[in-house]
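**Q** coordinates only, no sequence provided:
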């Protein structure tokens, strides 16, 4: 399996730029600096690996790949579904010899 090694925690999100805005707003409210660690965006990775898919929205990808999600737009359910999607995408990248997260 492809490895991603970093000395900081890796933030994984679908449409990570969107989530980072919220995360950084909350960090600022707490008087903390913005998140500066590594980010892996499953939407960007999907676009890179499967550019011909008609949509790279999380719900569309879950449907396309047959990944079950109980309730969309619920934090824990979306995290679990995104983790399953990430496994699939990393395996596809590994099969193609592509590095993930670099």
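**A** All right, it came through fine. None of these values were measured; they are calculated from a predicted model.
**Q** which residue ranges of this protein form strands?
**A** Using DSSP state E, the strands of the chain run over 11-13, 39-41.
**Q** what about residue 56, how many neighbours?
**A** Number of residues near residue 56 (other CB atoms under 10 Å) recorded here: 19. Heads up, the C-betas are built off the backbone N, CA and C, glycines and all.
**Q** then residue 46?
**A** 25.
**Q** without its sequence neighbours, what residue ends up closest to it?
**A** residue 56 (4.9 Å; CB to CB, 6 or more residues apart in numbering).
**Q** so that neighbour touches residue 45, yeah?
**A** No. The criterion here is CB atoms under 8 Å, and residue 56 misses it with residue 45 at 9.4 Å.
**Q** report the buried residues of stretch 8-23.
**A** 12, 13, 14, 16, 19, 20 (16 or more other CB atoms under 10 Å).
**Q** please name the residues that touch the nearest residue to residue 11 once chain neighbours are set aside.
**A** Excluding its sequence neighbours, the residue lying closest to residue 11 (CB to CB, 6+ apart) is residue 39, at 4.9 Å. With contact set as CB atoms under 8 Å, 6 or more residues apart in numbering, residue 39 has these partners: 10, 11, 12, 13, 16, 20.
**Q** surely the second one meets residue 42?
**A** Read that as residue 11. No. In this structure, residue 11 is not within contact of residue 42 by CB under 8 Å, at 11.3 Å.
**Q** which intervals of the chain have sub-threshold pLDDT?
**A** In the predicted model of the chain, residues 1-7, 70-75, 101-102 satisfy pLDDT under 70.
**Q** show me where it has its helices.
**A** Along the chain, counting by DSSP state H, helices occupy 16-29, 42-49, 58-65, 75-96.
**Q** columns distance to residue 35 on top of those helices, output as a markdown table?
**A** Output for the helices of the chain, formatted as a markdown table (distance: least, CB to CB, whole Å):
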| stretch | distance to residue 35 |
| --- | --- |
| helix 16-29 | 6 |
| helix 42-49 | 17 |
| helix 58-65 | 20 |
| helix 75-96 | 17 |
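**Q** most packed of these?
**A** Comparing the helices of the chain by mean neighbour count (mean count of other CB atoms under 10 Å), helix 42-49 comes out on top with a mean of 19.
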